[in-house]
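Visitor: sequence? don't have it. structure:
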Ligand code: SAM
């Protein structure tokens, strides 16, 4: 087997060979610890029948571990300067496809259809560019893609918000937007020393597994997320006050909100952070006829 790309010595050799300089604006913090990479890939439960989608291969540190564990790897990279590097470093692997694209603009569904027709399951495994963590996750969750789950590195503070449970200070509209689709847990926290260059923030790897059935069935998903965002707009305010400021205006607004809350057993003086996703679902459905789209 080849010496890992992610050893500090080999990484430096590759960077020197290509005269590569990191772009902070693209969130370029490369992993230089093969043990962390083995751990990340271990959490994804890949088999030789699996597909792996990666966002941002960098110089291929994680990509090669995925290539060893999975049947097929498709990796989206925005930085054109990395294409010749990857062609070189990943040349021992014939099951990797690099797509030169901004993941946020890519037609991921089409790429999956073209490149992953013969895999049994698909996981997204990535050391994400931190400046776009949430948009990337929301795009891949919303787009109705055949993805079993995610094992992704991100800023620890965002990982804590995504995986937070009701009643904690990290719990908010992001926790609900993600946990509506997947079960979410922190798989491990990661020290700064395993990156080159070292980021300013702490990092964590989270594991998201898609629900077979959504935990709630709502009339309109977008409206559920509108209600949750409004409910957390000012964390010190009650849910009643937040909804009064956040929902579209209308006749007898306050009364309608109080009724929707009370009919579902939710005290109007509670704060958003104490409501479970099921309570938000019931509340959104009760409010939808009055404040939903076009009302
Ligand atoms: N996977 C490598 C590793 O772990 O060493 C690199 C990870 S680095 C944190 C993030 C990578 O994402 C960089 O290679 C960067 O160029 C790429 N990137 C940044 N924004 C992107 C975007 N919108 N679409 C695709 N790739 C992106």
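Guide: That came through fine. It should be emphasised that the depicted structure is a prediction, and the values quoted were computed from it without experimental measurement.
Visitor: Scan this protein for its longest helix.
Guide: Criterion DSSP state H: the longest helix present in the chain is helix 277-291.
Visitor: Now that helix: average pLDDT?
Guide: Helix 277-291 shows a mean pLDDT of 96.
Visitor: separation between the residue nearest the centre of the chain and the ligand?
Guide: The chain has residue 137 as the residue nearest its centroid, 3.1 Å off, counting by Cα atoms, centre = their mean. Distance, residue 137 to the ligand, by Cβ to the nearest ligand atom, to the nearest Å: 12 Å. To be clear about C-beta, it is placed using only N, CA and C from the backbone, and glycine gets the same treatment.
Visitor: Which residues are in contact with that residue?
Guide: 150, 152, 162, 178, 208 (Cβ atoms under 8 Å, 6 or more residues apart in numbering).
Visitor: check which helix or strand covers it.
Guide: helix 133-142 (DSSP states H and E).
Visitor: Go through the helix or strand that that helix is followed by and flag the buried ones.
Guide: Once helix 133-142 ends, the next helix or strand along the chain (criterion: DSSP H and E) is strand 149-155. Residues of strand 149-155 classed as buried by neighbour count (16 or more other Cβ atoms under 10 Å): 149-155.
Visitor: Dump those residues to CSV, plus distance to the ligand and pLDDT.
Guide: Below are these laid out as CSV (distance: Cβ to the nearest ligand atom, whole Å; pLDDT from 0 to 100):
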residue, distance to the ligand, pLDDT
149, 18, 98
150, 14, 98
151, 12, 98
152, 10, 98
153, 7, 98
154, 9, 98
155, 11, 98
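Visitor: Select, from those residues, the two members most distant in space.
Guide: By the measure Cβ to Cβ, 149 and 155 form the most distant pair in these, at 19.8 Å.
Visitor: for the ligand, what are the nearby residues on the stretch 101-250 of the chain?
Guide: 102-104, 127, 129, 132 (Cβ under 6 Å from any ligand atom).
Visitor: and the residues you listed, which are buried?
Guide: The neighbour-count test (16+ other Cβ under 10 Å) marks 103, 127, 129, 132 as buried among those.
Visitor: The last one - nearest residue in space that isn't next to it in sequence?
Guide: For residue 132, ignoring the flanking residues on the chain, the nearest one in space by Cβ to Cβ, 6 or more residues apart in numbering is residue 104 at 6.7 Å.
Visitor: Next: the second one.
Guide: Excluding its sequence neighbours, the residue lying closest to residue 127 (Cβ to Cβ, 6+ apart) is residue 153, at 4.3 Å.
Visitor: One more: residue 158?
Guide: residue 133 (5.5 Å).
Visitor: The one you found and residue 155 touch, don't they?
Guide: Yes - contact criterion Cβ atoms under 8 Å: residue 133 and residue 155 qualify, at 6.8 Å.
Visitor: so what's the residue of the stretch 1-150 of the chain found nearest the ligand up against?
Guide: Proximity of the stretch 1-150 of the chain to the ligand (Cβ to the nearest ligand atom) peaks at residue 56, 1.9 Å away. Shown in contact with residue 56 (Cβ under 8 Å, 6+ apart): 27, 75-78, 103, 126-129.
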